[in-house]
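Enquirer: With the input below, show me the fold.
(chains A and B)
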Amino acid sequence: MVGTRIRERRIMVGIKQADLAQSAGISASYLNLIEHNRRRIGGKTLHQLAEVLDVTPAFLSQGAEVALLSGLRDAAEDHTPAETDRVDEFAGRFPGWAGLILDLVRQRDDLAHSVKALTDRIAYDPELAKSLHEVISTVTSIRSAATILADGQSLEPQWQSRFHRNIDEDSERLASEAEALVRYLEGAPGSEMAVRTPLEQFHAFMDSHDHHFSELEGPGGSARVASIIARGDHLVSDAARQIAFAVLKQYVQDARKLPLSEMGDLIETHGLDPLALAEATNQRLATVARRLGSLPEDVAGPVGFFICDGTGRVILQKPALGIARLRTNACCIHWPIYEVLGHPGRVIQKRVRQDEARVIALAMSHEARAASINRPALYHAQMLLLPDNGTGPETKVAASCSMCTMGACQVD
Amino acid sequence: MSKKVIVIEDERNIIEAISFILSRDGWDVVTHSNGHDAIDAVRLRKPDIVILDVMLPGKSGFDILQEIRGDGELGQIPVLMLTARGQEKDREMAQRAGASAYMTKPFSNAEVLDAVRHLATV
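Expert: Prediction:
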């Protein structure tokens, strides 16, 4: 259990309960309930506790062994010679080496990510492209004039003088352009966030707020959207800010329809049952799902929420309840979010298990943009992850498709 | 009578250098330095060959090329595209848009001269 792992880790590193609670920004009594597994925990609180205890959130939510095995399977996915069927044996016999492999894989992934982002930047950054174009054009001009002067053919004095002047002008311009280019490259943001894709910046922004924005609750929320985005340190690109703007606008609309002040009582009455909440509030199921995904943990408890677009790209993700993030590539097809994607209006609810984590997954697909002439409709799929307190048949999902050990969906 | 080349390029010193080497080779050279009314200049001058930069103020060289290819009277004129971008996708874009030849800056005078002479024989 998560609470037990937190307690064990806290005692192991010698931190008092009250001190840990204070460092993590929660009350000691709340931490006591968590440690005795009487309160579910996820999201921001889990991250904060993990940070103070100097472990990964996965270590606390899934246990060291599961986190290690999952990481090793991911690491081996591009290396078919790896004996993946003996990963448990390997991690058990050589935990130090296994940890080292994970560290090295993480470093490799970070570097690969930075290289890709920098390559994209060179290819698509309009400022850089303009600057390079100017430098190359000036070099062309100098080269051309110098060749005319040096090619040995007779040249009238006025032309000679003109090309000397051109070279002088161009060399001055080249010096100034080169200086500006160096300044630009030196001033380029070098932080980890700057080399993330806009969507990753947006995910980091949402994670930093634990997907809840108290400033957007209540009247006048829409007027504060721009200010929140302006303060979003993770949103370092215009594209990321645009994504955030659209999502926060939607947040404000949802908050108006389902005010925070009423959600506590509604959940108290109907439980975390999106269908019952939709019926009680006369709101669309998609609206209720989004709203549950944006509530603070002290109102709704840990709730996971995901949205993907028609291509299957996950455009919003709030992992919770021990479930890993949905991978951008090679995500497990058994997640119901992919099952509903091609079926607008369809709703699927399943009991899902991923390693030791068990959740209720409720997925639905809806039209995000209506069709018009020569423009197809756009569909989005949403998926809520809710605590599973019952029993019954389970759908197993893997953390990754390419390293799946379940063998349930072999493709011929 | 000399054959006519129009150089559509916004860098003044590149225009001067290309004009000089082509004139010295016996070509009648006219120039134009912006994109938005370049097609009008081509219609007015009716050149035998167009040398067209890709990045122009007002309109891109690819758009101007499309206008040339879509014009009944001008559609067959050989067009040499000049660009600072050497990526394969840009070359493919130029070919798709109907460029007769494609040259990446920084080019040499001899390369430009050879390309223009070659296009005149096509």
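Enquirer: can you tell me how far A:Q283 sits from A:G264?
Expert: 16 Å (CB to CB, to the nearest Å). The way it works is simple: take the backbone N, C-alpha and C, and place the C-beta from them, glycine included.
Enquirer: Check what pLDDT the residue nearest the centre of chain B gets.
Expert: Central residue of chain B (CA atoms, centre = their mean): B:I51, 1.4 Å from the mean position. pLDDT, B:I51: 96.
Enquirer: quick check, it in a helix?
Expert: No: under DSSP: H, G, I helix; E, B strand; the rest coil, B:I51 sits outside any helix and is assigned strand.
Enquirer: Identify the residues contacting it.
Expert: Neighbouring residues of B:I51 by CB atoms under 8 Å, 6 or more residues apart in numbering or on different chains: B:5-9, B:18, B:79-80, B:82, B:112, B:116.
Enquirer: Might you enumerate the residues of chain A proximal to chain B?
Expert: A:123, A:129, A:132-133, A:136-141, A:143-145, A:147-148, A:151, A:153, A:159, A:162-163, A:166, A:169-170 (CB under 8 Å from any CB of the partner chain).
Enquirer: how near is the residue nearest to B:V79 when sequence neighbours are not counted to chain A?
Expert: Leaving aside its chain neighbours, B:V79 sits nearest to B:V50 (4.5 Å; criterion: CB to CB, 6 or more residues apart in numbering or on different chains). Separation of B:V50 from chain A (CB to the nearest CB, to the nearest Å): 18 Å.
Enquirer: Near B:V50, how many other residues are there?
Expert: Applying other CB atoms under 10 Å in any protein chain shown, we find 28 residues neighbouring B:V50.
Enquirer: Do I have it right that it meets B:A41?
Expert: No: with contacts counted by CB atoms under 8 Å, B:V50 stays clear of B:A41, the gap being 9.7 Å.
Enquirer: quick revisit: tell me what the residue nearest to the centre of chain B is bridged to.
Expert: With DSSP bridges as the criterion, B:I51 is bridged to B:V7, B:L80.
Enquirer: Select the helix or strand of chain B having the lowest average pLDDT value.
Expert: Lowest by mean pLDDT, DSSP states H and E among the helices and strands of chain B is helix B:88-97, with a mean of 78.
Enquirer: who touches it?
Expert: B:54, B:62, B:65-66, B:69, B:81, B:83, B:102.
Enquirer: got the contact list for A:A91?
Expert: Contacts of A:A91 (CB under 8 Å, 6+ apart): A:65, A:68-69, A:72, A:98.
Enquirer: Quick check: which element contains it?
Expert: Element membership for A:A91, per DSSP states H and E: helix A:87-93.
Enquirer: Return the set of buried residues in that helix.
Expert: Buried residues in helix A:87-93, defined by neighbour count with 16 or more other CB atoms under 10 Å in any protein chain shown: A:87, A:90-91.
Enquirer: And the residues you listed, which is closest to A:A368?
Expert: A:V87 (39.7 Å; CB to CB).
Enquirer: just the strands in the chain please.
Expert: Looking at chain A here, since you left the chain open. A:304-308, A:314-318, A:347-354, A:357-369, A:378-387, A:395-396 (DSSP state E).
Enquirer: oops, I was thinking of chain B
Expert: Under DSSP E, chain B gives strands at B:4-8, B:28-32, B:49-53, B:79-83, B:101-104.
Enquirer: Out of these, flag the one nearest A:A278.
Expert: strand B:79-83 (55.9 Å).
Enquirer: burial of A:A278, as a residue count?
Expert: That count, for A:A278 with other CB under 10 Å as the rule, works out to 18.
Enquirer: So it is in contact with A:R290, correct?
Expert: No: A:A278 is beyond contact range of A:R290, at 11.5 Å (criterion: CB under 8 Å).
Enquirer: circling back: can I get the buried part of the residues of chain A next to chain B as one ChimeraX selection?
Expert: To isolate the buried subset of the residues of chain A next to chain B in ChimeraX, counting by 16+ other CB under 10 Å, use the following:
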select /A:132,133,136,137,138,139,140,141,143,144,145,148,162,163,166,169,170
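Enquirer: any idea which of the contacts of B:I51 is closest to A:E356?
Expert: The closest of the contacts of B:I51, once distances to A:E356 are taken by CB to CB, is B:L82, at 62.6 Å.
Enquirer: ok, the residue lying closest to that closest one once chain neighbours are set aside - contacts?
Expert: Nearest-residue entry for B:L82: B:D53, 4.8 Å, with adjacent residues in sequence omitted and distances by CB to CB, 6+ apart. Residues in contact with B:D53, defined by CB under 8 Å, 6+ apart, are B:8-11, B:61, B:81-83.
Enquirer: can you do 6 Å?
Expert: By CB atoms under 6 Å, 6 or more residues apart in numbering or on different chains, the residues touching B:D53 are B:9, B:61, B:82.
Enquirer: Then A:V135?
Expert: A:E177.
Enquirer: mind listing what's buried in stretch A:280-291?
Expert: A:281, A:283, A:285-291.
Enquirer: Let me know the closest of the residues you listed to A:G271.
Expert: Comparing the buried residues of stretch A:280-291 against A:G271 with CB to CB places A:V288 closest, at 12.7 Å.
Enquirer: Tell me if I'm right that that closest one and A:L277 touch.
Expert: Yes: taking CB atoms under 6 Å as the definition, A:V288 is a contact partner of A:L277 at 4.9 Å.
Enquirer: Give me the domain ranges for chain A.
Expert: A:2-106, A:125-186, A:196-257, A:297-412 (automatic domain parsing).
Enquirer: excluding its backbone neighbours, what's nearest A:L316?
Expert: A:I307 (4.2 Å).
Enquirer: Near the one you found, how many other residues are there?
Expert: 22.
Enquirer: and it, what is it in contact with?
Expert: A:315-316, A:380, A:382.
Enquirer: Check A:I360 too.
Expert: A:351, A:386, A:388.
Enquirer: Out of the contacts of A:I307, flag the one nearest to A:D109.
Expert: A:I315 (21.1 Å).
Enquirer: My guess is that closest one contacts A:L326. True?
Expert: No: between A:I315 and A:L326 there is no contact under CB under 6 Å: 10.6 Å.
Enquirer: Give me the distance between A:H113 and A:T197.
Expert: The separation that A:H113 has from A:T197, given CB to CB, amounts to 9 Å.
Enquirer: do the same with A:L31
Expert: 36 Å.
Enquirer: tell me which parts of chain B are close to chain A?
Expert: B:11, B:13-14, B:17, B:55, B:84, B:105-106, B:109 (CB under 6 Å from any CB of the partner chain).
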